[in-house]
Every structure is written in C-alpha cells, then in structure tokens.
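>>> using only what follows, build the 3D model:
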Amino acid sequence: MSGLRGSVVLAQAVTRLRDAGIEDPGRDARRLLAYAMEVAPGRLTLVLQDALSTAQITHFDALIARRAAREPVSHLTGQRLFYGRNFRVTPDVLDPRPETETLIEAALAQPFGSVLDMGTGTGCILLTLLAERPFAVGLGSDLSEPALQVAAGNARALDLGARCDFRAGSWYGALKPGDGPFDLIVSNPPYIALNEMAGLSPEVRDHEPRMALTDEADGLNAYRTICAGAAPHLAAGGRLMVEIGPTQGQAVADLMQAAGLHNARVIPDLDGRDRVVLADKSAHPG
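Reported below is the predicted structural model:
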C-alpha cells in the first residue's frame, strides 16, 4: 500500500469527492492531503511526487471518506484560516467564513478601543479585531460553554488572552456591572429562518451547532434583541455592526433605526450580496 506517490492518491481522492457531489473536490482533496502529509498547503505541490507511507495513505483515505460523507474540512483538520490567521474549529462552533471578513473590514474602517462580540463562537471576529488593533480590548459572550472554551483557546494561541475575556450568557445578559460602554458591538447571530434550514448544505445543517444557525423562527429574533439593547452599552459615537443573511438588510436596518441608532446602512460582501448592517450611537446624546 505504501510507495504510491502523492499525485496518484490525490487524483483518486478528487474523483471520489467529485462522485460524492463535493462542490470543489480538488481544493478539498489538496487540503486534506497536505494535512495527512503534515506539510503546509502551499508546499503540497513540492512534495506531490514523494512516496507516501502506509500510515499517511490510511490517514488520508479516512479523511476522504469522512469528507465524502459531507463532514466539513475544518472539522477534519481542526482549523480554519480567517483573515490570515488559523483558528481552531470544533463541532461546537460555526466554521469561520470568508463572508464574515466583510464585517472585519467595516469594523476596521474607524478607530475603536473596546469591543463586545456577542455569540462569539470561535472568537474569530473579536480576536481578529484585537489582533489588528494592538491597543484594543474586548469581551466575547456565548450561550455555549464548549464554544467559549474554543474561543479562549484561540485567544491563547494568538497571544491575545491578556486583552480579552469570555463570558457565558445570552446576549447582553452576559454583561456585569462595570462592563462597557463599548466603542464597537459586533455579532454574527443565528439568522437562518426555520423554514430555510432544510435547504442548507449537509456540511452546515448536519455538522454545525443548530443554536448558532437558527432562531427556530423567522431569523430576526436575535437582531430584535441586539438592536433594542444596544444603545445603553454603546459609548457616544460607538457603532453596532452585525452580519446578516442576504435578504435581511432592510429589516435589520429598520430595527437599528427604531432603537434610536443613526446612519443605518447595509454593506455588501465581495459577491455583491447584502452581508453587514451597521449604525452608530449619536456622539452628542440629547
């Protein structure tokens, strides 16, 4: 079994994933082969003519079988790249997605010194913002204790643990007296409507935490709570910023306006779909 070149097992894996209906079988097979060979993905081409050991082939075959069964690549490798940094991923957290980088870019467009990230999951939003702004501090909250453990581990791995804290609780209920006000409140909440769940890909529907995907209703419940409670926790001139589904922009902007926030606007992602809604608290209350 050993002695097969990486290029041969890669070609076989691509065919197997394509037959299983995987959207980008070449990309996924390459990521998993690099992981099995313990090389950086960018170096895989350099070692494709090397012979694999029996252990490497066995490991790779098992990974491909799990991917063919629609388990996410991030769950197989235990990590996902987001905004240039690796984050540990488990089935207890949402897989960081490239679309969420739209929120990061919007947040970085203006200065901030303190951040509240509600429904933090891996911590990828909060920790990226802190890494990009070395003098900022932040707090991440989540209902899931296992998710908070993942986020705290990511903070330690990125050497950011001294500048952030993680707290269990539902939305603003995780805050304690003395927390805030914050220059920036961010969230990527559960926004998939219950009637949309069946249409999700198996990777998402069957492998990611349901409570992070849907509110079991119309997909807007989290935004109602986040928007209604934002003003008391925002500093003067502070910003509220949330990720949304592509059809929710106007509804969420209306919620922000109704909560007394100003300049609500919708930002598209790189594919042109509505992705982020933000508004700010007046810098001159009253």
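>>> how many other residues sit next to residue 55?
11 (other CB atoms under 10 Å). All C-beta spots, glycine's among them, are computed from the backbone N, C-alpha and C.
>>> please list the outside residues in contact with stretch 26-37.
If you take CB atoms under 8 Å, 6 or more residues apart in numbering as the criterion, stretch 26-37 is touched by 6, 9-10, 13-14, 17, 22, 40-41, 43-44, 47, 50, 52, 56, 59-60, 63-64, 67, 73, 76-77.
>>> buried subset of the residues you listed, written for PyMOL?
What follows is the PyMOL syntax for the buried subset of the contacts of stretch 26-37, where burial is set by 16 or more other CB atoms under 10 Å:
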select buried, resi 6+9+10+13+14+17+22+44+52+56+59+60+63+64+67+73+76+77
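>>> relative to residue 240, how far out is the residue nearest to residue 40 when sequence neighbours are not counted?
In space, residue 40 comes closest to residue 34 once its chain neighbours are excluded; the distance is 6.8 Å by CB to CB, 6 or more residues apart in numbering. Per CB to CB, to the nearest Å, residue 34 is found 39 Å from residue 240.
>>> more neighbours: these two, which one.
Neighbour count, other CB under 10 Å: between residue 34 and residue 240, residue 240 has more, with 26 against 21.
>>> quick one: the more buried one from residue 146, how far?
Residue 240 is 27 Å from residue 146, by CB to CB.
>>> one more: residue 92?
4 Å.
>>> comparing those two, which residue is more hemmed in?
Using other CB under 10 Å as the criterion, residue 92 and residue 146 rank with residue 92 on top: 18 against 13.
>>> in a strand, that one, correct?
No. Residue 92: not assigned to a strand; according to DSSP: H, G, I helix; E, B strand; the rest coil it is coil.
>>> ok, it - contacts?
Contacts of residue 92 (CB under 8 Å, 6+ apart): 144, 146, 147, 149, 150, 209.
>>> report the buried members of these.
Buried members of those, counted by 16+ other CB under 10 Å: 144, 147, 149, 150, 209.
>>> please list the members of those that lie in helices.
Of the buried ones among the contacts of residue 92, the ones assigned to helices by DSSP state H are 147, 149, 150.
>>> do I have it right that the first one meets residue 124?
Meaning residue 147. No. If you go by CB atoms under 8 Å, residue 147 and residue 124 don't touch, sitting 11.4 Å apart.
>>> tell me, what's touching these two both at once?
Common neighbours of residue 147 and residue 124 (CB under 8 Å, 6+ apart) do not exist.
>>> ok, back up a step: the one helix or strand the residue nearest to residue 40 maps to: which residues count as buried?
Residue 34 is part of helix 25-37, with elements assigned from DSSP states H and E. The neighbour-count check on helix 25-37 (16+ other CB under 10 Å) flags 25, 28, 29, 30, 31, 32, 33, 34, 35, 36, 37 as buried.
>>> can you show me the helices along the chain?
Using DSSP H, helices in the chain cover 6-19, 25-37, 44-47, 54-68, 73-77, 101-108, 124-132, 145-157, 202-205, 221-230, 249-258.
>>> which residues touch the fourth one?
Yep, that's helix 54-68 we're talking about. By CB under 8 Å, 6+ apart, the residues outside helix 54-68 that reach it are 1-2, 4, 9, 13, 16-17, 19-20, 22, 28-29, 32-33, 35-37, 52, 73, 76.
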